[in-house]
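Participant: My questions are about this predicted structure, shown below with the sequence.
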Amino acid sequence: MDFSRVAFFGDSWVYGSELDNKDKAFPNLLGALNYGVPGTGIPGLLRRFNEAQKEFDIAVFCLTDPSRLMFYKDYDNYTDDSYGNALLDSEYTTLQKISNDYNDDVIVSQVCYILYKWCCDLNIDCFFINMFTRQLNESYLWKLIPDNKWLLPPQSHVVKHLFDRQKTLCEFDDMRDHAAWIYNNNSPDVQKFIRPCDRHPNKLGHKVIAEFISDKLNEI
């Protein structure tokens, strides 16, 4: 496969945060286009895809935690990260209070369905993969996205499938489970695939992700 015609979209895990050389991020290892933006939430993928020059044949949307909010005060003043940097703390706290798993799931399914249809209209093949948390996958809109567009099932993710060799993550994990896993310095999996990084994959972690995605896309 010519990975120069493949584009990856996502957050800091795609971008390669904490690596001393961004060329070691898994999209770059594959020779693909890297449209990762640190801190972006799933709704932010729409904005990033819109801004990208469509010089690719395949788009891979790497999904972050569904609870990350995007909120526009105006078109150029918005939050699209887990810290709410563009909003007052009180505003971000209010938004978090009214959020819940089911509302997040509907919003994420809407975003992913728009991305899927958008790619279809542009004759771009697209795929989805969760990076470190699952999707609730109960919204009716998920059924409109073909199962073969997922590189891993919606209820699984890269950390669980590739990094959690000790099987310490529970079946239905969320950000709290991910945080408990990634900050457990006694875990040999964390030491192997994360450290010396704090919250992101190390070079080996990115290499393992690149090899997995290469194998999956080459099977298609």
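Facilitator: Great, that's in hand. Numbering: from 1, shown residues only.
Participant: in this structure, which ranges drop under the pLDDT threshold?
Facilitator: Applying pLDDT under 70 to the predicted model, the residue ranges of the chain that meet it are 81-86, 170-172.
Participant: Can you name the residues in contact with whichever helix in it runs longest?
Facilitator: The helix of greatest length in the chain, counted in residues with DSSP state H as the criterion, is given as helix 101-121. When contacts are defined by Cβ atoms under 8 Å, 6 or more residues apart in numbering, helix 101-121 is touched by residues 42-43, 45-46, 49, 59, 61, 63, 66-67, 125-126, 128, 135-142, 144-145, 149. Just so you know, the C-beta spots here come from the backbone N, C-alpha and C atoms, and that holds for glycine as well.
Participant: Weed out the non-buried ones from those.
Facilitator: Members of the contacts of helix 101-121 that pass the buried threshold by neighbour count (16 or more other Cβ atoms under 10 Å) are listed as 42-43, 45-46, 49, 59, 61, 63, 66-67, 125-126, 128, 135-136, 139, 141-142, 145, 149.
Participant: how much space between M175 and R68?
Facilitator: Using Cβ to Cβ, to the nearest Å, one gets 9 Å for the distance from M175 to R68.
Participant: So for these two, which residue has more residues nearby?
Facilitator: Applying other Cβ atoms under 10 Å to M175 and R68 shows that R68 carries more neighbours, namely 25 against 15.
Participant: helix, strand or coil for the more buried one?
Facilitator: Recorded secondary structure, R68: coil (DSSP: H, G, I helix; E, B strand; the rest coil).
Participant: what ranges do the helices span in the protein?
Facilitator: Listed in chain order (using DSSP H), the helices of the chain are 12-15, 26-29, 44-51, 89-98, 101-121, 158, 175-182, 188-193, 203-219.
Participant: Tell me which of the ones you listed sits most buried.
Facilitator: Stretch with highest mean neighbour count among the helices of the chain: helix 158 (a mean of 25; mean count of other Cβ atoms under 10 Å).
Participant: Now do it: everything it contacts.
Facilitator: Contacts of helix 158 from elsewhere in the structure, counted by Cβ under 8 Å, 6+ apart, are 13, 129-132, 152, 209, 212.
Participant: 6 Å instead, please
Facilitator: Among residues not part of helix 158, those counted as contacts by Cβ atoms under 6 Å, 6 or more residues apart in numbering are 131, 209.
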